[in-house]
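**Q** sharing a model that was predicted from the sequence below.
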Amino acid sequence: MSDITCSESGAPDRDLGMGRPLSRRDFLDGVAMSAGLATLGSWEGRAAAPEMPHTATSAPDLTQLQGDTAQALSVPHALRDGRFWEHAGPAVPTGESYDLVVVGAGVSGMSAAAEWLRGNPDARVLILDNHDQLGGHRRRSGHAPYDSVMCDRETFPVETLIRHEHRTTAEEWIGRLPVADRARKDLLRLYRDAPDWYPRLSPEEKQERLAGLTYSDFLLKVCRAHPDVERFCRTMSSAEWAYGTRAFGAIDAWGSARGWAYPGFDGLGLDTGKPSRFNSPTIQQEWRRPHREARAQVRELADQLIPGFAALDRLSPAALDRPGSRVRLRLSSPVVSVRDGGPGATVGYFDGHGVSTVDAGAVILACWSTVIPYLVPDLPAAQREALAGAVRMPLVEAVVRLRDRSAWDRVGVTRTRWTGAYWCLTELDEPAGGPVSARLVAAPCRSELGPAEGAVAGRRALIRTPYSVLEYSARDQLTRLLGPGGFDPVRDIEAIEIHRWGHGHAPEYCRPWHAFYPDGPFPAEIARRRFGRIAIAGSDSVAAGRGGAAVAAAHRAAGELSA
């Protein structure tokens, strides 16, 4: 274990290489940001368009999985704002008819198509998506352990990098934290000798108490730890859950406790062999089996559904949308209307010039729940309200291509959590055969407001943030972390991509924010009700954030229509 103390002030722009010509790309929800996105805002309200000094795009490919067309979000936002139909003109029937039309080419949409074909092998299926790429663009940060924590200057008086080296004891690394003496004692107690905070309660009662608290409240109100302890732990959940411990439930912190993460629970005597009934759906699911990355699932499903997909280097519209194919995938085709017609339905989508319609025996909506009321305005009021309540979490990822990894090796870190800086995670990303990159993750959610309200506030701030601010902060934090290892941002940074996921992680029912969980009734049960020949899938429809939930929702929707 060793510490690295950094300068109190940031480096000047010229030292960080802000003016150096290189490839800069900026994406919002998978769409390259350009002047054509000036109409974009958040689903909760309009927002000013961000500064756009830089975007360069290229032909989409299967390794990148990211979108390039403005209509991917501008069309649904125009629908929301009541502007789309003023200029779209009348819908034009294509004359096409399908047994099933799926809206959304993510994990849930592709799974819905596959499930439908298992029961109806001769069916003709059309999958429509607003992006020019397949779904599953994001990747979650997952359970990879941190090997270091940067106690940054945004949180503590002296910026100090704490590395977790082999055989380092808790006493050693805690003793090097730039925190108050009492905080060191409290933190050591939480890691090494946590008492039973609820000695008179049964295990079920203890879990119920935890379910009523955030992890930050648990530290401050139950453990009565020094505020520096809470500040040190605050970002433990940020990269994986897209919000910090001021929103992350104590019961889920207990269910996630491992290594350096979430100390304070060992003395409770709870059974760690099974989840609590109060744990969120994701914690319960991952107790049984680990999460698989969404983009890998989408590729596997595409290989099953589309002949020749595995051999494609790039997403050719002609290859994915062949006339006469059993499954046709039509990208850059945002759906704008879905009408139930009794024995079937009519689906309208924007093809870049106008609205085209196809007939469908059945429709599965595997898209964001908040979009659905604009596509199906005839839904009952209670269902529309429930759908609108599925607020997704914003997230930001930066991929910074580097000259080499030498500075990482000299500093001796590969995955660092930051305690209060904008980017809460920096990690070395070195895929087999690919370029060396740094991956940074930020969680804009204002966690002190709770997941839903914090997500709305964070999304609005994210959309207004100029690209230059995000680039500067990424360069600055990489320099603060790797500078002692010889890192020079002017020399060593070769390209930067920023991915702003304003509607990133699916919402999840969790305590203490949803008092109805786990016993119900759940708003999602109202939101996902079948409407004639229209069924609703997607992880939003079950309020659980991992790919397994999306697949389960797809199978349910297909079963409803087949019944």
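**A** It's in.
**Q** from here on, contacts and neighbour counts on C-alpha atoms
**A** Fine.
**Q** after the helix or strand of the chain with the lowest mean pLDDT comes which helix or strand?
**A** Least confident helix or strand, the chain: strand 31-32 with a mean of 69, by mean pLDDT, DSSP states H and E. Going down the chain from strand 31-32, the next helix or strand is helix 71-80, by DSSP states H and E.
**Q** name the helices or strands packed onto that following helix?
**A** Packing partners of helix 71-80 (3 or more C-alpha pairs under 8 Å, 6 or more residues apart in numbering; DSSP states H and E): helix 84-88, strand 335-340.
**Q** how far off strand 335-340 does it point, in degrees?
**A** 60 degrees (axes from the mean of the first three to the mean of the last three C-alpha atoms, to 10 degrees).
**Q** off-centre distance for helix 71-80?
**A** 20 Å (C-alpha atoms, centre = their mean, to the nearest Å).
**Q** pLDDT on that helix, on average?
**A** Helix 71-80 carries an average pLDDT of 76.
**Q** what's the answer for stretch 213-232, then?
**A** 98.
**Q** and the end-to-end length of that stretch?
**A** 18 Å (C-alpha to C-alpha, to the nearest Å).
**Q** the closest residue to Pro93 other than its chain neighbours pairs with what?
**A** Of all residues beyond its chain neighbours, the one nearest Pro93 is Thr357 (4.6 Å), with distances taken as C-alpha to C-alpha, 6 or more residues apart in numbering. Thr357 has these beta-bridge partners by DSSP bridges: Pro93, Gly348.
**Q** burial of Thr357, as a residue count?
**A** 22 (other C-alpha atoms under 10 Å).
**Q** still on that earlier bit, tabulate the helices and strands packed on helix 71-80 (a markdown table), appending mean neighbour count and mean pLDDT.
**A** Conversion of the helices and strands packed on helix 71-80 to a markdown table gives the following (neighbours: other C-alpha atoms under 10 Å; pLDDT from 0 to 100):
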| stretch | mean neighbour count | mean pLDDT |
| --- | --- | --- |
| helix 84-88 | 12 | 88 |
| strand 335-340 | 23 | 96 |
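**Q** can you redo the ones you listed as a markdown table with distance to Gly502?
**A** Listed next are the helices and strands packed on helix 71-80 as a markdown table, based on distance: least, C-alpha to C-alpha, whole Å:
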| stretch | distance to Gly502 |
| --- | --- |
| helix 84-88 | 21 |
| strand 335-340 | 20 |
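**Q** which is the next helix or strand following whichever helix or strand Arg480 is part of?
**A** In the assignment (DSSP H and E), Arg480 maps to helix 467-482. Per DSSP H and E, the first helix or strand lying C-terminal to helix 467-482 is helix 489-492.
**Q** Tyr191 - nearest residue in space that isn't next to it in sequence?
**A** Counting by C-alpha to C-alpha, 6+ apart, the residue nearest Tyr191 is Pro263, at 5.2 Å.
**Q** would that neighbour count as being in a helix?
**A** No. Under DSSP: H, G, I helix; E, B strand; the rest coil, Pro263 sits outside any helix and is assigned coil.
**Q** show me where pLDDT drops low in the chain?
**A** Along the chain, the model assigns pLDDT under 70 to residues 1-14, 30-31, 33-73, 133, 135-143, 259, 288-296, 308-315, 545-547.
**Q** among the helices and strands packed on helix 71-80, which is nearest Asp217?
**A** Closest approach to Asp217 among the helices and strands packed on helix 71-80 (C-alpha to C-alpha): strand 335-340, 43.4 Å.
**Q** tell me the strands beside the closest one, with direction?
**A** Strand 335-340 is paired, per DSSP bridges, with strand 345-350 (antiparallel).
**Q** export the partner strand to PDB, keeping only CA atoms.
**A** This file holds the C-alpha atoms of strand 345-350, laid out as PDB (Å, rounded to 0.1, in the frame of the first residue of the first chain):
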ATOM      1  CA  ALA A 345     -52.500  -3.700 -35.500                       C
ATOM      2  CA  THR A 346     -50.900  -1.000 -37.600                       C
ATOM      3  CA  VAL A 347     -47.400   0.300 -36.900                       C
ATOM      4  CA  GLY A 348     -46.100   3.600 -38.300                       C
ATOM      5  CA  TYR A 349     -42.400   4.500 -38.400                       C
ATOM      6  CA  PHE A 350     -40.400   7.400 -39.700                       C
END
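**Q** past whichever strand or helix holds Thr426, which element shows up next along the chain?
**A** Using DSSP H and E, Thr426 maps to strand 425-429. Under the assignment DSSP H and E, the closest C-terminal helix or strand after strand 425-429 is strand 437-442.
**Q** pull the CA atoms of that next one into PDB?
**A** C-alpha atoms of strand 437-442 as PDB (Å, rounded to 0.1, in the frame of the first residue of the first chain):
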ATOM      1  CA  SER A 437      -7.800   2.800 -23.600                       C
ATOM      2  CA  ALA A 438      -8.900   4.300 -20.300                       C
ATOM      3  CA  ARG A 439     -12.600   4.000 -19.500                       C
ATOM      4  CA  LEU A 440     -14.200   6.500 -17.200                       C
ATOM      5  CA  VAL A 441     -17.700   6.400 -15.700                       C
ATOM      6  CA  ALA A 442     -19.700   9.200 -14.100                       C
END
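**Q** partners of it, with directions?
**A** strand 393-402 (antiparallel), strand 425-429 (antiparallel).
**Q** let me have those in CSV, extended by mean neighbour count and distance to Leu320.
**A** Below are the strands paired with strand 437-442 laid out as CSV (neighbours: other C-alpha atoms under 10 Å; distance: least, C-alpha to C-alpha, whole Å):
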stretch, mean neighbour count, distance to Leu320
strand 393-402, 25, 28
strand 425-429, 23, 31
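**Q** for Arg475, find the nearest of those strands.
**A** Evaluated with C-alpha to C-alpha, the strands paired with strand 437-442 place strand 393-402 nearest to Arg475, the distance being 8.8 Å.
**Q** just after the closest one, pick out the following helix or strand.
**A** helix 406-411.
**Q** quick check: buried residues in that next one?
**A** Ala407, Trp408, Val411 (16 or more other C-alpha atoms under 10 Å).
**Q** I'd say the first one and Leu481 touch.
**A** No. Taking contact to mean C-alpha atoms under 8 Å, the distance of 9.4 Å between Ala407 and Leu481 leaves them out of contact.
**Q** so what sits against both of the two?
**A** Common neighbours of Ala407 and Leu481 (criterion: C-alpha atoms under 8 Å, 6 or more residues apart in numbering): none identified.
**Q** distance to Arg529 added to the buried residues of helix 406-411, as JSON lines?
**A** What follows is the buried residues of helix 406-411, written out as JSON lines (distance: C-alpha to C-alpha, whole Å):
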{"residue": "Ala407", "distance to Arg529": "54"}
{"residue": "Trp408", "distance to Arg529": "51"}
{"residue": "Val411", "distance to Arg529": "54"}
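**Q** pretty sure Arg20 belongs to a helix, no?
**A** No. With three-state DSSP as the criterion, Arg20 is assigned coil and is not in a helix.
**Q** next, the contact list for it, please.
**A** Going by C-alpha under 8 Å, 6+ apart, the list of residues near Arg20 reads Val490.
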